[in-house]
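> Would you be able to build a 3D model of this:
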Amino acid sequence: MITLSSRATRPRKVMGFTLIELMITVAVIAIISAIAYPSYTNQVRKSKRAAAKAEMVEYAQRAERQHTLNNSYVGFRFLENNGTSIASPRDGSTVKYQISIVAAANTFTLTAVPQGVQASDPCGTLTVNQAGVKTPANTAALECW
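Numbering: from 1, shown residues only. Next up is the predicted model:
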């Protein structure tokens, strides 16, 4: 009499993943990454733009203080480097915007020019003047200010 061993009659357990399961997982991760990474970089650009805008508002307030004391914007300098141009952010990290001022007797214009990877920001160069006019103006497509 021939007997079969118990190993031959039991179904074999499969261990691990099949190639199809692995390819589906890779495809799902690729799709999620394709959506998430551009969104992440856009949010980083927006946060750097917000920091530059905050600095511009601070400098505009300082220029107004100068005008209040001297009845002129002429001679206004950024306190950090005693000049009319400064890098943003001021904490020494990678420069994202170059902020400069052009001051006359009764007018000034602050300009923030994007630098490096920030140059791909769709808002581009930001300006504000003594009257509070900001460019580029907010449109339906862009929320720059």
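> Without its sequence neighbours, what residue ends up closest to the residue nearest the centre of the chain?
Nearest residue to the geometric centre of the chain (C-alpha atoms, centre = their mean): Arg45, 1.6 Å. Residue nearest to Arg45 in three dimensions, not counting chain neighbours: Asp121, with 4.8 Å by C-beta to C-beta, 6 or more residues apart in numbering. From N, CA and C alone the C-beta is placed, and that goes for glycine too.
> where do the strands sit along the protein?
Counting by DSSP state E, the chain has strands at residues 85-88, 97-103, 108-114, 126-129, 134-135.
> Of all the ones you listed, which one is nearest Tyr40?
Closest to Tyr40 of the strands of the chain is strand 108-114 (C-beta to C-beta; 18.2 Å).
> Which helix in the protein has the most residues?
Criterion DSSP state H: the longest helix present in the chain is helix 19-70.
> That one to strand 108-114, inter-axis angle?
160 degrees (axes from the mean of the first three to the mean of the last three C-alpha atoms, to 10 degrees).
> I'd like to know which elements helix 19-70 is packed against.
strand 85-88, strand 97-103, strand 108-114, strand 126-129 (3 or more C-beta pairs under 8 Å, 6 or more residues apart in numbering; DSSP states H and E).
> looking at those, which is buried most?
strand 108-114 (a mean of 21; mean count of other C-beta atoms under 10 Å).
> For that strand, which strands pair with it and how are they oriented?
strand 97-103 (antiparallel), strand 126-129 (antiparallel) (DSSP bridges).
> Indicate which one of those is closest to Pro114.
Taking C-beta to C-beta, strand 97-103 is the member of the strands paired with strand 108-114 nearest to Pro114, at 5.7 Å.
> Give the rounded mean pLDDT of the closest one.
Summarised as a single mean, pLDDT over strand 97-103 is 91.
> Could you do stretch 65-84 as well?
Averaged over stretch 65-84, pLDDT sits at 83.
> Could you pull out the buried residues of that stretch?
Applying a neighbour-count criterion of 16 or more other C-beta atoms under 10 Å, one finds 66-67, 73, 76, 78 buried in stretch 65-84.
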